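Asks: what shape does this take:
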Amino acid sequence: MSNILHVNLSSIGSLLDVPSTLSKPSKRWHLAFATIYCSRALHSLLNDPLSNNKNKSRKLLLNTPPFVALDVKPCSGFSDIDQTSLTDLVKAKNLDQLLELGGVEGVAEALKADFKNGIHGDVQDVARRKQEFGSNTYQKPPPKSILHFVVEAFEDLTILVLLACATLSLGFGIKEHGVKEGWYDGGSIFLAVFLVISVSAVSNFKQNRQFDKLSKVSNNIQVDVVRQGRRQQISIFEIVVGDVVCLKIGDQVPADGLFLDGHSLQVNESSMTGESDHVEVNTSLNPFLFSGTKIADGYGRMLVTSVGMNTTWGEMMSTISRETNEQTPLQARLNKLTSSIGKVGLAVAFLVLVVLLVRYFTGNTEDENRNQEFNGSKTKADDIVNAVVGIIAAAVTIVVVAIPEGLPLAVTLTLAYSMKRMMADQAMVRKLSACETMGSATTICTDKTGTLTLNQMKVTKFWLGKQPIEAASSISTNLLKLIQQGVALNTTGSIYREPSSFKFEFSGSPTEKAILSWAVLELDMDMERMKKNYNILHVEAFNSEKKRSGILIRKKADNTIHVHWKGAAEMILAMCSSYYDVSGSMKDMDDGERMIFEQIIQGMAASSLRCIALAHKQIPEEEHEIGEGPQKLKEDSLTLIALVGIKDPCRPGVRKAVEDCQYAGVNVKMITGDNIFTARAIATECGILRPGQEMNSEAVVEGEVFRQYTQEERMEKVDKIHVMARSSPFDKLLMVQCLKQKGHVVAVTGDGTNDAPALKEADIGLSMGIQGTEVAKESSDIIILDDNFASVATVLRWGRCVYNNIQKFIQFQLTVNVAALVINFVAAASAGEVPLTAVQLLWVNLIMDTLGALALATERPTKELMEKPPVGRAEPLITNIMWRNLLAQALYQIVVLLTLQFNGESIFGVNQKVKDTLIFNTFVLCQVFNEFNARELEKKNVFEGIHKNKLFLGIIGITIILQVVMVEFLKKFADTERLDWGQWGACIGVAAASWPIGWLVKCIPVSDKPVLDYLKW
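Replies: Got it, this is the predicted structure:
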């Protein structure tokens, strides 16, 4: 009986082990089948012929209930812990609950994660964890639909007034002429308005979608994790519960979790709590880490317990949507300009309205048959209302044309286009305003490492005592062990070697990787063995202010305590009172020998090497006992072990990029943490220091010297400084503040957490995409994705291009505005009629606003842009050159069109309807030809590089085709008459004359003094 039970129960067990990969319906069938099988197996025991004691077994089974209740749970593999308890554990910082779960070790075990090697991390493992605990993504509010932008477009007051006029016109037209003929006037305005709204809504919707895409890219942070014992970088979105994440200064904590191990880990939780004080994280009192917080100091590893919407940050993020309606300074200036032009347009429209109403009611207007339109009481009320509605529609249309609502659209299009192109050129814009501000930059303060140099570091020089060492075999054993100790234990880097090969993978900062690879490959260091032989007691992590890192260790074999320091050579040298020579003997360091070491360091620095020193001291037990608790490592009376020279070659093309910036009138200053000799050598190599400036004490200063200047001295000398060496982040901030006070527009590059204040203070903060910490990236306006200075020069070029494109569009649009306003006003005042109807003016509005913006906003940067000085903050948006160009073209158009208005019928021998069509056609074609003139503000050759801008040519082509359709085929809609070949030729000839006029006008010199300055007393 027991055997049968055993066999059947084992079968049942295998059935109940439901794979977690099955879909829900499959799981239900699986469980139903298992239940039926169980009941049948148990029932078969009643009639089992193998049982010797049938009655006994029958009695046994009949005493049990007539059913079996099975509490079947599908096996997920994480039965010991659930997501709710994990979320609550970290959220409440519940230490008692953590102890109940067996501490961090218990949680890791329940999550099937190994402390040292992390999770397995294969596709199935990651998928299972995502299914059980969710993915590291946040639910965002739904993006704005196109309907939202359509409604937004309808909120424009002029559009609403036009629609009201169109409705009245439609009503009266149908009443007077019937539905078949009467809908044309009102219906045409409706169609034209909807066309304008549609184009505006679609373009705004597209820009919004593009900003959403950019937002996703900027949120895609790379995170260091350990999977299968290997440290690797993955996207923040790929992190799963159970992952072991490596954290260092400046990192963003990617998910909620628990602290595994590390040293001096301080976290800035201000994004969660609003408190600016740093919170210490450790295993005993506070092992809890929250998603979205930043690492302020130290380093460590964490175990991920909650991701995405299960984190505290996730709950907050789900309620926040990124607003893309940020107004840039240029947009603010343009809104002011739009408002001013709008006021002029309103004044002209009001005058036209008054003139037309007075002329109508005084009987001075005639209809198509030369009959007086208003005859006092004889005129029907319907006719009066219809005429008044027509007059109001004409006046409102003038307002529509006068108000250049295309300007904001042009800025948005230009910025969006340049953002997209800059992304391809390795620059990701986080703040729109930075695009245009960069065009005005007068000074760029750049880092050295990784920006001007490749950040591919390699140890090329090695000194023991006062002698350079070529081979590791000449190093004494005790000294070799000290070097290996100092390198293996005093590091935030790590080494991974695949079991099957001898190939090593080094991770960490470039400097750490260079030293680790040198120690492993040249000195035969075994990092794992070192770590097993020593206990780490205290760590002082490296940061850009201290420029060194230290570690206190206890040797397990003999319990001796040692302190190791590693960092900037002259700083470590100042902490030493003795040194090891080649044989490993310790010798005192007097002033003469200290000078020799300083010369060795300077010699390496002059060869563009970064010089790192290693120092050591054994600490007596009694000294350590006194220093228990929060302590500082010993910083004096150390023994110098070795000097290491690391080569970081200049980036190819960086010299040309620096020269381009200088040629464009932008000063390039290098601010670096390296010593003054390395800084001088690299600056000369990159072209920041010109021949003869190398030894100029005013051109090259140290951060400490700059700091100690008085405010007046700083302000006097800041322009002359080209290189600042051994600078702290505070020095960088100080320099930015001084430059801004002197009226400079400052761009600053930064990669460290401590660079955040300078990045925020600068007009344009440029952070590094590869080496930059998350804190630096969040403080910046633009992220340079490849950390290359050449990309900074590209951003400068694009910034100028944005500004230049907008100026081109302003010139083009104002020409149309001035011409349309003057023609309509003069015609209304003298002849009592408006030559351009509401529909025609709306069509012109569409050409110049949307299509014109698209054509001119997508011009690419040219070499000429970098030959001009930067655009100052106070410089007017409309320059004298633009006034010269637009007034000349507008004057030509006004003269030609008014000539056609008053003498067109006699010149061409046509009726009034054909004359009005000729005016409309000539006016539109003038804008098409003038669009070519607008491509260049100063150059006479407006066709240069035109073949590269396919969009411009495409828009010109589309405009011409649509104009032909309007004139030739949409007679009722556009209120036009067909033109013959001769008339088309005349229109094209008159419009084409704007090219030679544009060429001649550019020969006229203009003053640099803004026009408005002449109007001031």
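Asks: so how far is Leu260 from the residue nearest to the spatial centre of the chain?
Replies: Averaging the C-alpha coordinates of the chain gives a centre point, and the residue nearest to it by Cα atoms, centre = their mean is Arg430 (3.1 Å). Counting by Cβ to Cβ, to the nearest Å, the gap between Arg430 and Leu260 amounts to 32 Å. No exception for glycine: its C-beta is placed from N, CA and C like everyone else's.
Asks: what do you get for Asn282?
Replies: 11 Å.
Asks: try Pro254
Replies: Taken as Cβ to Cβ, the spacing of Pro254 relative to Leu260 amounts to 15 Å.
Asks: right, and Asn911 touches Glu905 too?
Replies: Yes: if you go by Cβ atoms under 8 Å, Asn911 and Glu905 touch, sitting 6.9 Å apart.
Asks: by mean pLDDT, which helix or strand of this protein comes out lowest?
Replies: Of all helical and strand segments in the chain, the minimum by mean pLDDT, DSSP states H and E falls on helix 54-62, at a mean of 40.
Asks: which helix or strand lies directly C-terminal to that one?
Replies: Secondary structure here is assigned by DSSP states H and E; on that basis, the next helix or strand after helix 54-62 toward the C-terminus is helix 83-91.
Asks: pLDDT averaged over that next one, what's the number?
Replies: The average of the pLDDT scores along helix 83-91 is 85.
Asks: same question, stretch 581-595
Replies: 89.
Asks: CA atoms only: put it into PDB for me.
Replies: These are the backbone C-alpha positions of stretch 581-595, laid out as PDB (Å, rounded to 0.1, in the frame of the first residue of the first chain):
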ATOM      1  CA  ASP A 581      64.900  52.800  -3.100                       C
ATOM      2  CA  VAL A 582      65.200  50.200  -5.800                       C
ATOM      3  CA  SER A 583      66.500  47.600  -3.400                       C
ATOM      4  CA  GLY A 584      63.600  48.100  -1.100                       C
ATOM      5  CA  SER A 585      65.500  49.900   1.600                       C
ATOM      6  CA  MET A 586      63.700  52.800   3.400                       C
ATOM      7  CA  LYS A 587      65.500  56.100   3.300                       C
ATOM      8  CA  ASP A 588      64.800  59.500   4.800                       C
ATOM      9  CA  MET A 589      63.800  62.200   2.400                       C
ATOM     10  CA  ASP A 590      65.600  65.600   2.900                       C
ATOM     11  CA  ASP A 591      64.900  68.800   1.000                       C
ATOM     12  CA  GLY A 592      67.500  68.000  -1.700                       C
ATOM     13  CA  GLU A 593      65.900  64.600  -2.400                       C
ATOM     14  CA  ARG A 594      62.400  66.000  -2.300                       C
ATOM     15  CA  MET A 595      63.500  68.500  -5.000                       C
END
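Asks: what are the contacting residues of it?
Replies: Contacts of stretch 581-595 from elsewhere in the structure, counted by Cβ atoms under 8 Å, 6 or more residues apart in numbering, are 464-467, 469, 474-479, 573, 576-580, 597, 639-640.
Asks: just the buried members of the residues you listed?
Replies: By neighbour count, with 16 or more other Cβ atoms under 10 Å, these hold 464-465, 469, 475, 479, 573, 576, 579-580, 597, 639-640 as buried.
Asks: strands - which of these land there?
Replies: Secondary structure of these is defined by DSSP state E; positions in strands are 464, 576, 579-580, 639-640.
Asks: what about Asp558, how many residues nearby?
Replies: Number of residues near Asp558 (other Cβ atoms under 10 Å) recorded here: 6.
Asks: so what's the backbone phi/psi at it?
Replies: Here the main-chain torsion angles of Asp558 (degrees, to the nearest 10) amount to phi -130, psi 10.
Asks: first to last residue in stretch 547-565, what's the distance?
Replies: According to Cα to Cα, to the nearest Å, stretch 547-565 extends 11 Å from its N-terminal end residue to its C-terminal end residue.
Asks: quick one: low-confidence parts of the stretch 351-500 of the chain?
Replies: Low-confidence segments of the stretch 351-500 of the chain, defined by pLDDT under 70, span residues 364-379, 393, 397, 400-401, 403-409.
Asks: if you set the cut-off to 50 instead, what comes out?
Replies: Using pLDDT under 50 as the threshold, the predicted model of the stretch 351-500 of the chain has no low-confidence range.
Asks: hey, where'd the helices end up in it?
Replies: 381-402, 406-424, 432-437, 477-489 (DSSP state H, counting those that start in this stretch).
Asks: so of those, which one's packed in deepest?
Replies: helix 432-437 (a mean of 24; mean count of other Cβ atoms under 10 Å).
Asks: isn't Arg797 up against Glu864?
Replies: No: the pair Arg797 and Glu864 does not pass the contact test of Cβ under 8 Å, sitting 10.8 Å apart.
Asks: domains in the chain, as residue ranges please.
Replies: Structural domains assigned to the chain are 83-137+237-321, 329-417+797-1015, 427-454+651-787, 458-623+633-647, following the TED database.
Asks: closest one to Ile197 among those domains?
Replies: Counting by Cβ to Cβ, Ile197 lies closest to domain 329-417+797-1015 out of the domains of the chain; the figure is 10.5 Å.
Asks: give me the residues contacting the helix or strand where Ala855 lies.
Replies: Here Ala855, judged by DSSP H and E, is contained in helix 852-857. By Cβ under 8 Å, 6+ apart, the list of residues contacting helix 852-857 from outside reads 406, 409-410, 413-414, 417, 805-806, 808-809, 812-813, 927, 931, 934-935, 951-952, 955-956.
Asks: mind running it again at 6 Å?
Replies: The contact list for helix 852-857, computed with Cβ atoms under 6 Å, 6 or more residues apart in numbering, reads 406, 409-410, 413-414, 417, 805, 808-809, 812, 934, 952, 955.
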